[in-house]
Every structure is written in C-alpha cells, then in structure tokens.
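**Q** Here's my sequence, what's the structure:
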Amino acid sequence: MVSIIESAHALVDLGGRLRAARIAGNQTMAVFAARLGVSVPTLRDMERGAPTVQIGTWINALWALDRLEELALVLAQRANLLDRAREAKRPQRKRAYAKRRVRK
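**A** Numbers count the residues shown, from 1 in each chain. Model prediction:
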C-alpha cells in the first residue's frame, strides 16, 4: 500500500477527533463499536488513524455522532469568480423540437 505522509497525518487527526467526540458523548469503546457494527479493535484502528478501515465504517461513525451532513462538504463543487463569469456569458441551450403533422 502506498502511503502519502499528508494523508497519514490527516487520518491520525481524524481518528483523534473521532475519539474526542466519542469521549465527549460519554461512550465507551465497546458501546460505540456496537453502535457502528464493528469490533473494538476496528474502532481502535479508526481512532489511531489506520488507513485500512473501510469508508463505510467512517460514514457509520459520522451518522452515529449525528454529523453525517458534514460529509456533503467533502469534494463539494467549487465555483470561483471566473467560472461564474463564464457561466453567465454562456448562452442558454434551447431544446430543439420538431413540429408534428397531424394526419386526418
């Protein structure tokens, strides 16, 4: 597995925030792992920032913490000023249609 240092740091940071949120919610590892449907060692891996944990497990964790809506910000489309100006100049496409002849 290829390891990029920045992504490894991001995972460790994310795992630390997950642990802090779990503790702030006063949940033990066993209880929180059961809510996620994973084992305690898997939760421990998440909190340590292991890159092998499936993204579905992370999404379940966001749901359990009532923070799933924050996932919408990941890879959200960005529109900068130049893109908006180009879009405004672009002519609107009109739908082509053919007149139908009515046979009698």
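
**Q** G16 touches R22, doesn't it?
**A** No - checked against C-beta atoms under 8 Å, the pair G16 and R22 is beyond contact range at 10.7 Å. In short, each C-beta sits where N, CA and C put it, glycine included.

**Q** show me where this structure has strands.
**A** Here the chain has no strands by DSSP state E.

**Q** Which residues are in contact with the most centrally placed residue in it?
**A** Geometric centre of the chain, nearest residue: L71, 3.4 Å, by C-alpha atoms, centre = their mean. Applying C-beta atoms under 8 Å, 6 or more residues apart in numbering to L71 gives the contacts 59, 62.

**Q** Can you give me the pLDDT of it?
**A** For L71, the pLDDT comes out at 90.

**Q** Now for the protein, the helix or strand with the poorest mean pLDDT.
**A** helix 81-89 (a mean of 76; mean pLDDT, DSSP states H and E).

**Q** Next, the residues that contact that one from outside, please.
**A** Helix 81-89 is touched from outside by A79, with contacts defined as C-beta under 8 Å, 6+ apart.

**Q** Measure how buried R22 is and give me the count.
**A** 22 (other C-beta atoms under 10 Å).

**Q** Tell me the confidence at it?
**A** pLDDT, R22: 96.

**Q** do the same with L68
**A** So L68 comes in at 94 (pLDDT).

**Q** Quick check, it in contact with I59.
**A** Yes - contact criterion C-beta under 8 Å: L68 and I59 qualify, at 7.0 Å.

**Q** returning to what we had before: overlap in contacts of G16 and R22?
**A** Common contact partners of G16 and R22 (C-beta under 8 Å, 6+ apart): E47.
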